[in-house]
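>>> just need the structure, nothing else, for what follows:
(2 chains)
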Amino acid sequence: MGRKLLLQHINEPGIHTFDVYRQKGGYRAVEKALKTMSTDEVVEEVKKSGLRGRGGAGFPTGMKWSFLAKPEGVARYLVCNGDESEPGTFKDRFLMTHIPHALIEGMIVSSYALGASVSYIYVRGEMMPQIRILERAIQEAKAAGFLGTNILGTGYNLELYVQPGGGAYICGEETALLESLEGKRGNPRIKPPFPAIAGLYGCPTVVNNVETIASVVPIINDGGDEYAKIGIERSTGTKLISASGNINKPGVYEIELGVPVEEFIYSDEYCGGIANGKTLKALVAGGSSVPILPNNLICKTISGNPRLMTYESLADGGFATGSMMGSGGFIVFDEDQCIVRNTWNFTRFYHHESCGQCSPCREGTGWMEKVLHKIEHGQGTVEDIDLLWDIQRKIEGNTICPLGDAAAWPVAAAIRHFRDEFEWHVLNPKESQSRNYGLAHYADPITAVTQ
Amino acid sequence: MLSVQENQPVEFSATLLEKFAEIVSRYPQGKQKSALLPILHLVQADYGWLSSDAMDKVATYLDIQPIEVYEVATFYTMFFLKPQGKYNLEVCRTGPCCLVGAEKIMKHIESRLGVKEGEVTADGLFSWRGVECLAACGFGPVLQIGPEYTFYENLTEDAVDLLIDTLKNNTTQQA
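Numbers count the residues shown, from 1 in each chain, chains lettered A, B, ... in the order given. Here you go, the predicted model:
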């Protein structure tokens, strides 16, 4: 069993309440940080921990914090990104539902470190039940003296508010989130200036994911060095993985970074193998935006090493034969799933969620959706596959925010690894309407890899 | 929930105005526009949708231009610009849920309610639509019903039937 730092007490009855959370050692990090550490010391521990942003980009949190500008007399903000919307990802919902105080405690410690006296937790609007859970947790923490004015008699003041979104994937992008928090449409801003210089209301701002903030608690309790002992290389600590798709035990798992992918899929401790005795066909390892991997590149990298659940190993081989850790949205596909249909589905998602600001993304996602719809419904041509490749290539890197890349990568990877399945669709339009391509792809995996 | 017909003027209740004021107090002076999304959610929870008159009154309350409210209400998918069924079933239609049968569930809802996506049943009770990823992929297929956004997980056709029957019966008993 791996160590659990976030979900350690998940099965404790009443752990969502302040009293039980506190009994289990909760809010020790607030006491330690506010009473015995300077703000710089807190930042230093987070740097030492090697913690990387858990929202998807994997940027070192301590470094992000150290970029925060601190001009005299200007407010600074910490904004928590709880706009969890990446298909395949549901860990933040889980954490906020079951252990809301882990997030509140992390917010207090992190706000202290950054010198913020007002902080916001931006939660996607559909999570109204979670918003109410968090608001209740805030009231409890306030009643116990961990929020408000003169916290624990240290002179530190902090107000914490929960802000609902309105149902827009793009608001998970940090500058779009800030726009939304200012009461505007979620159009991402051009960077620079980065939020660390000019963020919320033009003030220096740090935006961190829910899981990232919650991870600050064990880092402060046990020290950054202890945290960094868990994991491999630059993938330190534990990570919440949202496992979904055709597996026996879908759910949220906290893993020590470095668990082999094969163990994660097949061990009873985690996914428990492919459901209904079927065979693994493909994997999206880190949320819908990351490249899909075919069976032969999932458990082993192209060089034959076991693939591990780390930022580095999941990306081993680059986009040619690797993928990304992303947000940890682990989507498993069995032999009955159609890659073309899934790619069409994901592309429809990105088309729907494009904010419309940049033409390559606004138009390109729509074109890709139409072409994929055509192929999936037996009306495509071989040229359409090349057209798709061409469109995704022209979106990638040509937009203000990463949504364009996120829309392009799944299409590119699907064609790269499953071109034969696309071709089968266009060459067998009738048959493709009545049955799936299945595992035919793996008859000759070498050809598939080199394509 | 009050029901407002199209083009009917609205008047925010004292309770609602009190909630608006609390929300505005969360932001720095002059940044009251930040309250827009939370306030629109409250208005929609009370009236079922956002009429132009409701949006204009929100603009007046926040001292911003009406267009600033319209552009936000039209951007975010959670806001309705026309009346919905009393129970609006929103089914996740994105990849992971489709791997475990979301498309079948949507077809079943469509035939069970007898209305197409986005339409309202004749008795005004139900409407439905597919929505994008609801961040519950491990518990799919899922649907949610506003304004509380109650969640129904691991759906089967039988579970959907039971849910629709229960909602219908509740309404009959209330009436």
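>>> nearest spatial neighbour of A:Gly224, skipping sequence neighbours?
A:Lys48 (3.0 Å; CB to CB, 6 or more residues apart in numbering or on different chains). In short, each C-beta sits where N, CA and C put it, glycine included.
>>> what strand or helix carries that neighbour?
If you go by DSSP states H and E, A:Lys48 is part of helix A:39-49.
>>> and the contacts of that helix?
A:33, A:37, A:60-63, A:65-66, A:109-110, A:112-115, A:215-216, A:219-220, A:223-225, A:227-228, A:236-237 (CB atoms under 8 Å, 6 or more residues apart in numbering or on different chains).
>>> in what helix or strand does A:Phe346 lie?
For A:Phe346, the element it lies in under DSSP H and E is helix A:339-353.
>>> check which element follows that helix along the chain.
By DSSP H and E, the next helix or strand past helix A:339-353 is helix A:359-376.
>>> for that next one, name the packing helices and strands.
Secondary-structure packing of helix A:359-376 (3 or more CB pairs under 8 Å, 6 or more residues apart in numbering or on different chains; DSSP states H and E): helix A:339-353, helix A:382-395, helix A:403-427.
>>> relative to A:Thr61, how far out is the closest residue to chain B within the stretch 351-451 of chain A?
Closest to chain B within the stretch 351-451 of chain A is A:His352: 5.7 Å, counting by CB to the nearest CB. Here the criterion is CB to CB, to the nearest Å. By it, A:His352 lies 31 Å from A:Thr61.
>>> please apply the same query to A:Val74.
22 Å.
>>> those two: who's more crowded?
A:Thr61 (26 against 11; other CB atoms under 10 Å in any protein chain shown).
>>> A:Gly58 versus the nearest residue to that one once chain neighbours are set aside, what's the distance?
Spatial nearest neighbour of A:Thr61, chain neighbours left out: A:Leu51 (4.6 Å); criterion: CB to CB, 6+ apart. Computed with CB to CB, the distance linking A:Leu51 and A:Gly58 is 10 Å.
>>> A:Gly287 too?
A:Gly287 is 12 Å from A:Gly58, by CB to CB.
>>> the closest residue to chain B within chain A: which element?
Chain B sits closest to A:Gly166 of chain A, with a gap of 2.8 Å, by CB to the nearest CB. Counting by DSSP H and E, there is no helix or strand that carries A:Gly166.
>>> now the strands for chain B?
B:87-92, B:126-131, B:143-145, B:150-152 (DSSP state E).
>>> for the second one, name the packing helices and strands.
In this case it means strand B:126-131. Strand B:126-131 packs on strand B:87-92, helix B:102-113, going by 3+ CB pairs under 8 Å, 6+ apart.
>>> can you say which of the ones you listed is packed in most?
Comparing the helices and strands packed on strand B:126-131 by mean neighbour count (mean count of other CB atoms under 10 Å in any protein chain shown), strand B:87-92 comes out on top with a mean of 24.
>>> residues in contact with the helix holding A:Phe346?
Contacts for helix A:339-353 (CB under 8 Å, 6+ apart): A:85, A:87, A:168-170, A:281-282, A:288, A:292, A:333, A:361, A:365-366, A:368-369, A:372-373, A:375-376, A:403, A:406-407, A:410-411, A:414, A:418, A:421-422, A:425, A:432, A:437, B:93-95, B:98-99, B:132-133.
>>> so what's A:Glu421 up against?
Residues in contact with A:Glu421 (CB under 8 Å, 6+ apart) are A:338-340, A:437, A:440-441.
>>> got a pLDDT number for it?
Per-residue pLDDT puts A:Glu421 at 95.
>>> and for it, nearest residue in space, chain neighbours not counted?
A:Tyr437 (4.6 Å).
>>> and if you look at A:Arg185?
In space, and not counting its chain neighbours, A:Arg185 is closest to B:Phe75: 4.2 Å by CB to CB, 6+ apart.
>>> and the chain, what are its domain boundaries?
You didn't pick a chain, so chain A it is. For chain A, automatic domain parsing gives the domain ranges A:18-229, A:233-334, A:339-450.
>>> that's the wrong chain, I meant chain B
Following automatic domain parsing, one finds the domains of chain B at B:14-75, B:87-174.
>>> can you name the residue of chain B nearest chain A?
For chain B, CB to the nearest CB, closest residue to chain A: B:Tyr76, 2.8 Å.
>>> what's the neighbour count on residue 72?
Looking at chain A here, since you left the chain open. 4.
>>> ah, I was thinking of chain B
A count of nearby residues for B:Val72, using other CB under 10 Å, gives 23.
>>> equivalent analysis for B:Thr74, please.
Around B:Thr74 there are 12 residues (other CB under 10 Å).
>>> try A:Thr381
Applying other CB under 10 Å, we find 14 residues neighbouring A:Thr381.
>>> OK, contacts around it?
Shown in contact with A:Thr381 (CB under 8 Å, 6+ apart): A:Val426.
>>> okay, the angle between the helix or strand of chain B with the lowest mean pLDDT and helix B:102-113?
One helix or strand of chain B scores below all others by mean pLDDT, DSSP states H and E: helix B:157-174, with a mean of 91. For helix B:157-174 against helix B:102-113, the angle by axes from the mean of the first three to the mean of the last three CA atoms, to 10 degrees is 40 degrees.
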